[in-house]
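> Got a predicted structure here, sequence first:
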Amino acid sequence: MQTRYRPFSLWRIRAITANTLTELTRLKVFYVLLVFALVLIGSSIFMAQFSFQQEFQILKDISLGAISLFTSLLAIVATARLLPQDIEDRTLYTILAKPVPRFEYVLGRITGVLLLLAISTLVMAAAFVLVLYLREQAVVHTTLRQMSGAPPDQMADALRVVRSSAFNINIFPGITVIYLKACLLAALTLFVSTFATSNIFTIVVMAFIYFIGHLQATAREYWLQEHSGGVITRVFLAIVTLLFPDLQAFNLVDDIVAGTAISLAVFAKTAVLGLFYTTIYTLLATFVFYGKEL
Amino acid sequence: MTSSPRRSGAEAGPAVAVRGLTKVFPVPFHRQSIVAVKDLSLRIEPGEVYGLLGPNGSGKSTTLKIILGLVSPTRGRTEIFGRDSRLVESREAVGFLPENPYFYKYLTGNETLRFFGHLSGLRGVALKNRINELLDLVGLSRARNRRLGTYSKGMLQRIGLAQALIHDPRLVVLDEPTAGVDPAGSRDIRDLILDLKRRGITVLLSSHLLAQAQEICDRVGILADGVLVREGHLQELIAIENQTELIITDASDELIREIESAVSRSKAKLIERRKSTTTLERLFLEATKNDKRMTKSE
């Protein structure tokens, strides 16, 4: 029965990841998706009175805004409870009393949350694309009916306008960036929860960080206008940027709604920024958790 | 469950060695700090059942946590089978049941053991067989597919013991294993511990239930305010050197009078004469067993 100890085991991480995913889904966190679906369906019915350009714009605005808000909420609320709950229930003792290094526990937990966020984002994106497609098809049919006697060139132009108003290539990179923002928030929440005294405290701290994170770019620009860009200022701003990530950088919804092209460079820069923050916060969480007295 | 003493204490060196252990917890915003354990040294040999006894707050749980690497010592050193207990690999040989464990309520008994089995590096048929074996051992085979949220306190304690044993450890650490469990459940856990002892597994348990510790421990250490105030073999510690008990069955009044007269003629002194009694625990178990039989026959 004795097994040889391995300092790193993907099998152990997988067990913790799978358990985290089971925990979060069985705790019915997925109910937020139902709320999202209701918002989506409700908004599409309400928009029938607008022109199709306005309808598609509002639908994209509301849906992408809702995906962003719900994935962010899910990331914070789902992650905040994991560590304090395990300590309170003493399940952490039984896990760490097995030959499980602490970094594997942190890695397993965060991977479970990131998987949950990926599934949630995919489900919400699928619902959004489906509703958008159904509305687009309805408008195409109406256009074909209304322009039944028009020349083919004119009809083709009209259909092109309808289709380009509904879908543009930016939707999918936009959703990816929303997911990366949620990953960043989950990793930051896990980091805060390693030294927080309760999950309520973690959620409150994260709410502050969330709002400051959306304002920090503007504040930074104002600060740089007022002060010279010396070494101390740069170090200070670097610390502020680490503590309060620039969440506004992950807000590409306006560009998608307006149909402005998101360049590959902007997408790549934002994606790298998201991955960088997620990695840094996971490492910080592991570092603090290593020294934690249980 | 095989009952052959697979490990009969043949290992070289102690199962647990604690040397000069001190743990100080700083109190935030105060100059003073709390000394939970002070200069504690003890040695537990392979195959023995060692009871760490003491009132609440005496440092028992802190000592166990340090041995398990969950808390770091301020001073001193702890080892499990010769390995520094701060090293993760030292936990290969240990199974732990914390006080009042909750586990994951959303998992079934079977899933719980599978999860802890995976953490211990087990998988496949070996894990499946081990789960079946342990569910049988702790009497939870019929409840294996029920979520832990529906388990009673005693059942939780038994599934906790099963997860502690999942990787067949050489040392089992039990923190208040019968806390909050009814007498019947408590008796079951006691029997399981005695079974571990028969198989040569070292058991370190903390308790403040002295009667139970007396039944199962080979040696005990008594902690008070973080200091080990007594330690030794149980029989040696509790024996009263100059007193002897005789338990006689079916003795006539005449025989009793003769014994008393012989005592009075000698230098010895008869301190107490009373009817033998059963224990309240035994009385409770017999009474509830009868009740169960009656309910079943109805």
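Arrived safely, thanks for sending. Numbering: from 1, shown residues only, chains lettered A, B, ... in the order given.

> residue contacts, the spatially most central residue of chain A?
By C-alpha atoms, centre = their mean, chain A has its centre lying nearest to A:Ala182, at 2.6 Å. By C-beta atoms under 8 Å, 6 or more residues apart in numbering or on different chains, the residues touching A:Ala182 are A:71-72, A:74-75, A:117, A:121. For every residue, glycine as well, the C-beta is placed using N, CA and C.

> What does the pLDDT read for it?
What the model reports as pLDDT for A:Ala182 is 96.

> Give me the secondary structure label for B:Arg230.
On the three-state scheme (DSSP: H, G, I helix; E, B strand; the rest coil), B:Arg230 is labelled strand.

> can you redo the contacts of A:Ala182 as JSON lines with secondary structure?
Formatted as JSON lines, the contacts of A:Ala182 follow (three-state DSSP):
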{"residue": "A:Thr71", "secondary structure": "helix"}
{"residue": "A:Ser72", "secondary structure": "helix"}
{"residue": "A:Leu74", "secondary structure": "helix"}
{"residue": "A:Ala75", "secondary structure": "helix"}
{"residue": "A:Leu117", "secondary structure": "helix"}
{"residue": "A:Thr121", "secondary structure": "helix"}
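
> Just name the closest of the residues you listed to B:Asp182, please.
A:Leu74 (41.4 Å; C-beta to C-beta).

> hang on, that closest one packs against A:Ile119?
No: between A:Leu74 and A:Ile119 there is no contact under C-beta atoms under 8 Å: 10.3 Å.

> between those two, who's got more neighbours?
A count of neighbours by other C-beta atoms under 10 Å in any protein chain shown puts A:Leu74 above the other of A:Leu74 and A:Ile119, at 24 against 15.

> now the more buried one: how far from A:Val192?
16 Å (C-beta to C-beta, to the nearest Å).

> Neighbours of B:Asp191, how many?
By other C-beta under 10 Å, 11 other residues sit near B:Asp191.

> right, is the helix or strand where it lies up against chain A?
Assessed by DSSP states H and E, B:Asp191 sits inside helix B:183-198. No: against chain A, helix B:183-198 shows no contacts by C-beta under 8 Å from any C-beta of the partner chain, the least distance being 14.4 Å.

> Taking the stretch 101-250 of chain A, what residue is nearest to chain B?
A:Pro101 (5.0 Å; C-beta to the nearest C-beta).

> Spatially nearest residue to that residue, not counting backbone neighbours?
Distances taken as C-beta to C-beta, 6 or more residues apart in numbering or on different chains put B:Val88 closest to A:Pro101, at 5.0 Å, once the chain neighbours are dropped.

> Tell me, how many residues neighbour that neighbour?
18.

> How about the one 3 residues further on?
For B:Arg91, the count of nearby residues is 26 (other C-beta under 10 Å).

> Verify the stated contact: it with A:Ile95.
No: contact criterion C-beta under 8 Å: B:Arg91 and A:Ile95 do not qualify, at 10.5 Å.

> nearest residue to residue 158 other than its sequence neighbours?
Went with chain A since none was named. Going by C-beta to C-beta, 6+ apart, A:Ala158 has A:Thr143 as its nearest residue, at 5.4 Å.

> oops, chain B please
Nearest non-adjacent residue to B:Arg158, counting by C-beta to C-beta, 6+ apart: B:Val138, 4.0 Å away.

> any idea how far that neighbour is from B:Thr112?
12 Å.

> Between those two, which is the more surrounded one?
Ranked by neighbour count (other C-beta under 10 Å), B:Val138 and B:Thr112 place B:Thr112 first, with 27 against 23.

> just checking, that one touches B:Phe103?
Yes: counting by C-beta under 8 Å, B:Thr112 does reach B:Phe103; the two are 5.7 Å apart.

> any common contacting residues for these two?
With C-beta under 8 Å, 6+ apart as the test, B:Thr112 and B:Phe103 both reach B:148, B:159, B:163.

> Report the closest residue of the stretch 151-298 of chain B relative to chain A.
B:Asp168 (3.7 Å).

> Quickly find the element holding B:Ala126.
Here B:Ala126 is assigned to helix B:124-137, by DSSP H and E.

> Give me the angle between that helix and helix B:183-198.
130 degrees (axes from the mean of the first three to the mean of the last three C-alpha atoms, to 10 degrees).

> in helix B:124-137, what's buried?
B:127, B:130-131, B:133-135, B:137 (16 or more other C-beta atoms under 10 Å in any protein chain shown).

> what's the answer for stretch B:86-93, then?
B:88, B:90-93.

> contacts for that stretch?
Stretch B:86-93 has contacts (C-beta under 8 Å, 6+ apart) with A:2-3, A:5, A:7, A:96-101, B:68-69, B:72, B:79-81, B:83-84, B:167, B:169-171.

> Quick check: PyMOL command selecting the buried ones in the residues you listed.
To isolate in PyMOL the members of the contacts of stretch B:86-93 that are buried, counting by 16+ other C-beta under 10 Å, one can use:
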select buried, (chain A and resi 3+5+96+97+98+99+100+101) or (chain B and resi 68+69+79+80+81+167+169+170+171)
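
> Could you tell me which of the contacts of stretch B:86-93 are located in strands?
B:79-80, B:83-84, B:171 (DSSP state E).

> Out of the residues you listed, the closest to B:Asp182 would be?
For the ones in strands among the contacts of stretch B:86-93, the nearest to B:Asp182 is B:Leu171 (27.7 Å; C-beta to C-beta).

> quick one: the closest one and B:Lys23, what's the gap?
Counting by C-beta to C-beta - B:Leu171 and B:Lys23 are separated by 20 Å.

> likewise A:Lys181?
A:Lys181 is 42 Å from B:Lys23, by C-beta to C-beta.

> Comparing those two, which shows the higher neighbour count?
Set A:Lys181 next to B:Lys23 and count neighbours by other C-beta under 10 Å: A:Lys181 wins out with 27 against 23.

> ok so, going back, make a markdown table out of the buried residues of helix B:124-137 and add pLDDT.
Listed next are the buried residues of helix B:124-137 as a markdown table, based on pLDDT from 0 to 100:
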| residue | pLDDT |
| --- | --- |
| B:Leu127 | 95 |
| B:Arg130 | 96 |
| B:Ile131 | 97 |
| B:Glu133 | 95 |
| B:Leu134 | 95 |
| B:Leu135 | 96 |
| B:Leu137 | 90 |
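
> give me the subset of the residues you listed touching chain A.
Counting by C-beta under 8 Å from any C-beta, the members of those near chain A are B:Arg130.

> could you dump stretch A:236-244 to CSV, C-alpha only?
C-alpha atoms of stretch A:236-244 as CSV (Å, rounded to 0.1, in the frame of the first residue of the first chain):
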residue,chain,number,x,y,z
PHE,A,236,5.5,54.2,-5.8
LEU,A,237,3.4,53.8,-8.9
ALA,A,238,4.7,50.3,-9.5
ILE,A,239,3.6,49.3,-6.0
VAL,A,240,0.2,50.9,-6.5
THR,A,241,-0.1,49.1,-9.8
LEU,A,242,0.8,45.8,-8.1
LEU,A,243,-1.7,46.3,-5.3
PHE,A,244,-4.4,47.7,-7.4
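
> ranges for the helices of the chain?
Chain wasn't specified; assuming chain A. Per DSSP state H, chain A carries helices over the ranges A:10-26, A:31-46, A:52-80, A:82-88, A:91-96, A:102-146, A:152-166, A:171-195, A:199-226, A:231-243, A:253-258, A:264-290.

> hm, I was asking about chain B
B:60-67, B:109-119, B:124-137, B:153-165, B:183-198, B:210-216, B:234-238, B:253-265, B:280-297.

> Point out the residues in chain A that sit beside chain B.
A:1-7, A:9, A:11-12, A:14-16, A:19, A:22-23, A:26-27, A:89-91, A:93-101, A:293-294.

> ok, now with 7 Å
Contact residues (C-beta under 7 Å from any C-beta of the partner chain) of chain A with chain B: A:1-3, A:5, A:9, A:11-12, A:15, A:19, A:22-23, A:26, A:89-91, A:93-101, A:293-294.

> Quick check: which ranges of chain B have low pLDDT?
Residues of chain B meeting the criterion pLDDT under 70: B:1-12, B:280-281, B:283-285, B:288-298.
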